[in-house]
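J.: Got a sequence here, can you model it:
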Amino acid sequence: MKIAQIAPLAESVPPKYYGGTERIVSYLTEELVRQGHDVTLFASGDSLTAAELVPITPAALRLTPNIVDPIPYHMMLLEAVRQRANEFDALHFHIDLLHLPMIQDFIGRTVTTLHGRLDLPDLPPFYRCFGDHCLVSISDDQRRPMPPVNWGATIHHGLPADILLPRYDDGEGYLAFLGRISPEKRPDRAIRIAARSGMELRIAAKIDTVDRAYWENEIAPLVERHPNVRFIGEINEQQKAEFLGNARALLFPIDWPEPFGLVMIEAMACATPIIAFRCGSVPEIIEHGCSGFIVDSEDEAVDAIGLLRDLDRKLVRGAFDARFTAARMAADYVSLYHRLPGARTDAAWLRRQRGEDAELQIVA
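T.: Below is the predicted model:
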């Protein structure tokens, strides 16, 4: 198929640092190319891809200090997509809701993956207004606050099988917290759990401007108060493999309806078990007693640390291989593209018209 992937512009694809949506867009795009599809990626100009790249901005908006308002740039993105829409058999949007009024003329060839939380009060009336668009949830739990809409599928995220290699010993034996410093991610819980267990906690996280006061007033004092807690800051993809792989376990003490939680499957790829609070997607992702432990309190989390010795890290990696690879994710999306009411599969015909090789070699 000839497929368009439309990414947000906040981060490059893949992102230099934090950026779950853009990272998934990258994994999906590269896997589709690997499987023989003709893919065009609409993204920031500093993105790296084997697909055709349509650069909308020179660099990711978050890393461009003079950018104040991202909306004009996303309007430019939508115009670039509109001008080329007729080229594609399927168009896959990852930009939440900005594009929905624009794509009515080719709605039958479009799918939109919703990557964020959907329990916000302004969203139900919007999606009721655009209830005919094909939407993808990244967990079943993510759907709960939504009105009746046209759900195409729930498709869990996936990672390339070889991007994070497993480590089957206990590494350096610390507890890891990876993500954002924010109230809903509950780094305060992670610190208290580590303090009670007596284990070292290493926090690798970015601090957004909106969460700066939370860090300065609540979390930084906790870090200073506990000598077994180290704040590392934001890390890149290369550092992530070592950070997660050397950990005894990942703490995921969230307190919000997490739509997916990419860090959970990143830890699983490293064969690192997860101790996670029962919120949002957690029960869909973690197999309790196999890839980690699902808990309902800090007391249970501390108890779970004592049970880590009973987990076989090879089974943690096995759970990843069985359910969360990029190859599985891409296959699920291709199946959905073919089911779209207006989907075309004339990419081979277009190549013949250009005098090119018409055959697509699909890689299993």
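J.: Tell me who's in contact with E298.
T.: R189, R192, I193, R196, P253 (CB atoms under 8 Å, 6 or more residues apart in numbering). The way it works is simple: take the backbone N, C-alpha and C, and place the C-beta from them, glycine included.
J.: Quick one: those residues as CSV, columns for pLDDT and distance to F42 too.
T.: CSV is the format used below for the contacts of E298 (pLDDT from 0 to 100; distance: CB to CB, whole Å):
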residue, pLDDT, distance to F42
R189, 97, 39
R192, 97, 44
I193, 97, 42
R196, 96, 48
P253, 97, 36
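J.: got a markdown table for those residues, with neighbour count and distance to R202 too?
T.: Compiled in a markdown table, the contacts of E298 are given as follows (neighbours: other CB atoms under 10 Å; distance: CB to CB, whole Å):
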| residue | neighbour count | distance to R202 |
| --- | --- | --- |
| R189 | 19 | 15 |
| R192 | 18 | 15 |
| I193 | 25 | 13 |
| R196 | 13 | 17 |
| P253 | 21 | 15 |
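J.: Just these: which are in strands?
T.: Among the contacts of E298, no residue falls in strands (DSSP state E).
J.: from those, which single one is nearest R34?
T.: Nearest to R34 among these is P253, at 35.8 Å by CB to CB.
J.: Quick check: closest non-adjacent residue to that closest one.
T.: Counting by CB to CB, 6 or more residues apart in numbering, the nearest residue to P253 once its immediate chain neighbours are dropped is R189, at 3.7 Å.
J.: List the residues that contact that neighbour.
T.: L251, P253, D255, F277, E298, A301.
J.: roughly how far apart are F93 and T154?
T.: 17 Å (CB to CB, to the nearest Å).
J.: who has more neighbours, the two?
T.: Using other CB atoms under 10 Å as the criterion, F93 and T154 rank with F93 on top: 28 against 16.
J.: So the more buried one sits against T112, correct?
T.: Yes - between F93 and T112 a contact is recorded at 4.5 Å, counting by CB atoms under 8 Å.
J.: so what sits against both of the two?
T.: Contacts common to F93 and T112, judged by CB under 8 Å, 6+ apart, are H99.
J.: where in this protein is pLDDT low?
T.: Along the chain, the parts satisfying pLDDT under 70 run over 345-364.
J.: how close does the most centrally placed residue in it get to W151?
T.: For the chain, G20 is the residue whose C-alpha lies nearest the centre (CA atoms, centre = their mean; 3.8 Å). From G20 over to W151 the distance is 21 Å, taken as CB to CB.
J.: how about the CA coordinates for stretch 301-317, as CSV?
T.: In CSV, the C-alpha atoms belonging to stretch 301-317 read as follows (Å, rounded to 0.1, in the frame of the first residue of the first chain):
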residue,chain,number,x,y,z
ALA,A,301,4.4,-2.0,46.2
VAL,A,302,6.9,-2.4,49.0
ASP,A,303,5.8,-6.0,49.4
ALA,A,304,6.2,-6.6,45.6
ILE,A,305,9.8,-5.6,45.8
GLY,A,306,10.4,-8.5,48.0
LEU,A,307,8.8,-10.8,45.5
LEU,A,308,11.0,-9.7,42.6
ARG,A,309,13.4,-12.6,43.2
ASP,A,310,10.6,-15.0,42.3
LEU,A,311,10.2,-13.5,38.7
ASP,A,312,12.2,-15.0,35.8
ARG,A,313,13.5,-12.2,33.7
LYS,A,314,13.4,-14.4,30.7
LEU,A,315,9.6,-14.6,31.1
VAL,A,316,9.4,-10.8,31.2
ARG,A,317,11.2,-10.6,27.9
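J.: Show residues contacting it.
T.: With CB under 8 Å, 6+ apart, stretch 301-317 has contacts from 166-169, 175, 189, 193, 196-197, 199, 248-249, 251, 253, 267-273, 275, 277, 289-293, 295.
J.: for L250, phi and psi?
T.: Note on L250: backbone dihedrals following degrees, to the nearest 10 are phi -100, psi 130.
J.: For the closest residue to it other than its chain neighbours, the count of nearby residues, please.
T.: Nearest residue to L250, sequence neighbours excluded (CB to CB, 6+ apart): A267, at 4.1 Å. Using other CB under 10 Å, A267 has 31 neighbouring residues.
J.: Please, which helix or strand holds A267?
T.: Here A267, judged by DSSP states H and E, is contained in helix 262-269.
J.: Throw the contacts of R189 into JSON lines and include distance to M75 and secondary structure, thanks.
T.: Converted to JSON lines, the contacts of R189 look like this (distance: CB to CB, whole Å; DSSP: H, G, I helix; E, B strand; the rest coil):
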{"residue": "L251", "distance to M75": "40", "secondary structure": "strand"}
{"residue": "P253", "distance to M75": "38", "secondary structure": "coil"}
{"residue": "D255", "distance to M75": "35", "secondary structure": "coil"}
{"residue": "F277", "distance to M75": "39", "secondary structure": "strand"}
{"residue": "E298", "distance to M75": "46", "secondary structure": "helix"}
{"residue": "A301", "distance to M75": "45", "secondary structure": "helix"}
